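Participant: Build me a structure from this.
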Amino acid sequence: MDKVLTKAVNIMRSKDDCKVGQDVNAIIIETGGDIYQIYIPSKGCKYACIMCNYGFNHPIREKEILKALDVICYRLNPSAQTIILEASGSFLDDREIPRELQEKIISRVAKTNVPRVQIETHYKTITEERLVSIKRILEGKEVGVELGLESTNPEVIQIYNKDIDLQGLLDTIWLCDRHGIEVSLNVMLGAPLLTIQERMEDSINSVNWILQKCPKSTTIVLFPLNIKKYTLIRYLYEMGRYEAVYDWEFIEVLSKLPKEALSRIYISWWGNRCNEFHGEEAIIKPIHCDDCHDKLMKFYNSFVKSETSADKARLISDISTICCKCKDEFEMRRNRQGKGEKSYPKRLEKEKNRLRTELGV
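Facilitator: Reported below is the predicted structural model:
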């Protein structure tokens, strides 16, 4: 991770006094498509991605967490097909959640009737020993892990300030495959310092990289970047140096992906979330207008419920024919931007110089 970006991220995170949500031990979030996230607030992520606000410092109270989890599991919707276990960063990071408590949480979820359990974590927390243990506890269920990737371009990874070695990530993915554990990789649309066209191309290239290099069981979760409070992205946005993603930008990316691979593509954070601790105003979501809002939400909800590539391709084709003022605005802004003049590393260095001056990092 870059020192300047990391210091700037920590300054933004320090503005959150962490009082909101301090008494939360475990919460459940419905994300659509019969998928539910069980979120355990924790010490906070040790990494410093510029778009992420996982800097919380919530206390780990084992008895209260397990009690809250019992209530969640008892009241779980019978239609639930997948439970995703997540913390404020990496569920399998012993620094965030003690190993013994991790196993107790997984054991609680193992007793539910939900057929699939997925664990969100950093790829560096995964070892063969951990995979064997998790498979044993969740015997009889489908098991998956969800890993943050965002981009496969090393220069864009540097902009996000992510701690990722692509070969190391690939090795972990194939390790999971050998143990019969499906991997889901997150790809983000909306990298800062890139033009609209460049950031769309980055997402498309990243998806194609996964399709070419990863096991065929690997699935992809495509995210439009949401601008959250207490993040460096939010600071850049407020300073006029970052533009929010358009919904039509997101849909165009979906339309450019290989149609035969759409069954492996899932979507998330398309405007269906609020911040559980800080409320609706804490997130600036993708841009669209009132004229297309209902049609877009119907499209997204239908997409997450569709399972076949053909059904997803049809939905993308249908929504792409919609005309509205925000779609026109998106096209005009993209055309006005043209192509960026400098290389990504030069743009990043320029931004870091600004941060040094403005924040003293």
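Participant: ranges for the helices of this structure?
Facilitator: Remark: helices assigned in the chain by DSSP state H are 3-14, 62-74, 99-110, 128-137, 154-160, 166-178, 196-213, 232-238, 247-256, 290-305, 309-319, 325-337, 344-359.
Participant: ok, residue 171 - how many residues close by?
Facilitator: 12 (other Cβ atoms under 10 Å). Just so you know, the C-beta spots here come from the backbone N, C-alpha and C atoms, and that holds for glycine as well.
Participant: Next, format the helices of the chain as CSV and append mean pLDDT.
Facilitator: Below are those laid out as CSV (pLDDT from 0 to 100):
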stretch, mean pLDDT
helix 3-14, 94
helix 62-74, 94
helix 99-110, 96
helix 128-137, 97
helix 154-160, 98
helix 166-178, 98
helix 196-213, 97
helix 232-238, 97
helix 247-256, 97
helix 290-305, 95
helix 309-319, 97
helix 325-337, 94
helix 344-359, 97
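Participant: Which residue comes closest to residue 62 once chain neighbours are left out?
Facilitator: residue 101 (5.4 Å; Cβ to Cβ, 6 or more residues apart in numbering).
Participant: so what's the one you found up against?
Facilitator: With contact set as Cβ atoms under 8 Å, 6 or more residues apart in numbering, residue 101 has these partners: 60, 62, 65.
Participant: I'd like the helices of the chain as a markdown table, with distance to residue 26 appended.
Facilitator: Listed next are the helices of the chain as a markdown table, based on distance: least, Cβ to Cβ, whole Å:
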| stretch | distance to residue 26 |
| --- | --- |
| helix 3-14 | 22 |
| helix 62-74 | 4 |
| helix 99-110 | 8 |
| helix 128-137 | 18 |
| helix 154-160 | 28 |
| helix 166-178 | 25 |
| helix 196-213 | 31 |
| helix 232-238 | 27 |
| helix 247-256 | 31 |
| helix 290-305 | 24 |
| helix 309-319 | 33 |
| helix 325-337 | 38 |
| helix 344-359 | 35 |
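Participant: and of those helices, who's closest to residue 226?
Facilitator: With Cβ to Cβ as the measure, helix 232-238 is the member of the helices of the chain nearest residue 226 (9.0 Å).
Participant: Show me what that closest one is packed against.
Facilitator: helix 3-14, strand 227-228 (3 or more Cβ pairs under 8 Å, 6 or more residues apart in numbering; DSSP states H and E).
Participant: returning to what we had before: would you write a ChimeraX line that selects the buried entries of the contacts of residue 101?
Facilitator: Buried subset of the contacts of residue 101, written as a ChimeraX selection, criterion 16 or more other Cβ atoms under 10 Å:
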select :60,65
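Participant: Dump the contacts of residue 101 into a markdown table; add distance to residue 120 as well.
Facilitator: Converted to a markdown table, the contacts of residue 101 look like this (distance: Cβ to Cβ, whole Å):
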| residue | distance to residue 120 |
| --- | --- |
| 60 | 17 |
| 62 | 20 |
| 65 | 17 |
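Participant: out of the contacts of residue 101, who's nearest residue 37?
Facilitator: Using Cβ to Cβ, residue 65 is the member of these that lies nearest residue 37, at 15.1 Å.
Participant: Pull the number of nearby residues for residue 299.
Facilitator: 22.
Participant: thought it was touching residue 317?
Facilitator: No: judged on Cβ atoms under 8 Å, residue 299 makes no contact with residue 317 at a distance of 10.8 Å.
Participant: measure residue 301 to residue 34 for me?
Facilitator: 12 Å (Cβ to Cβ, to the nearest Å).
Participant: Now the terminal residues of stretch 72-91, how far apart.
Facilitator: Terminal residues of stretch 72-91 are spaced 18 Å apart (Cα to Cα, to the nearest Å).
Participant: buried set for that stretch?
Facilitator: Under the neighbour-count criterion of 16+ other Cβ under 10 Å, stretch 72-91 has 72-73, 76, 80, 82-91 buried.
Participant: Now, these that are in strands?
Facilitator: Secondary structure from DSSP state E places 82, 83, 84, 85, 86, 87 of the buried residues of stretch 72-91 in strands.
Participant: Contact partners for the last one?
Facilitator: Contacts here follow Cβ under 8 Å, 6+ apart; on that basis residue 87 touches 39, 40, 41, 42, 93, 96, 97, 120.
Participant: got CSV for those residues, with distance to residue 306 too?
Facilitator: Output for the contacts of residue 87, formatted as CSV (distance: Cβ to Cβ, whole Å):
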residue, distance to residue 306
39, 26
40, 30
41, 32
42, 34
93, 34
96, 34
97, 34
120, 23
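Participant: want to throw those into CSV with neighbour count?
Facilitator: Below are these laid out as CSV (neighbours: other Cβ atoms under 10 Å):
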residue, neighbour count
39, 18
40, 23
41, 25
42, 25
93, 21
96, 25
97, 25
120, 21
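Participant: how close does residue 261 get to residue 40?
Facilitator: Taken as Cβ to Cβ, the span from residue 261 to residue 40 is 33 Å.
Participant: Ok, residue 23 next?
Facilitator: 14 Å.
Participant: before we move on, the earlier item: can you say which of the helices of the chain is nearest to residue 144?
Facilitator: Judging these by Cβ to Cβ, what sits closest to residue 144 is helix 166-178, at 8.4 Å.
Participant: what comes up buried for the closest one?
Facilitator: Buried residues in helix 166-178, counted by 16+ other Cβ under 10 Å: 169, 172, 173, 175, 176, 177.
Participant: Run through the residues that contact residue 232.
Facilitator: 5, 8, 9, 12, 50, 51, 161 are the contacts of residue 232 under Cβ under 8 Å, 6+ apart.
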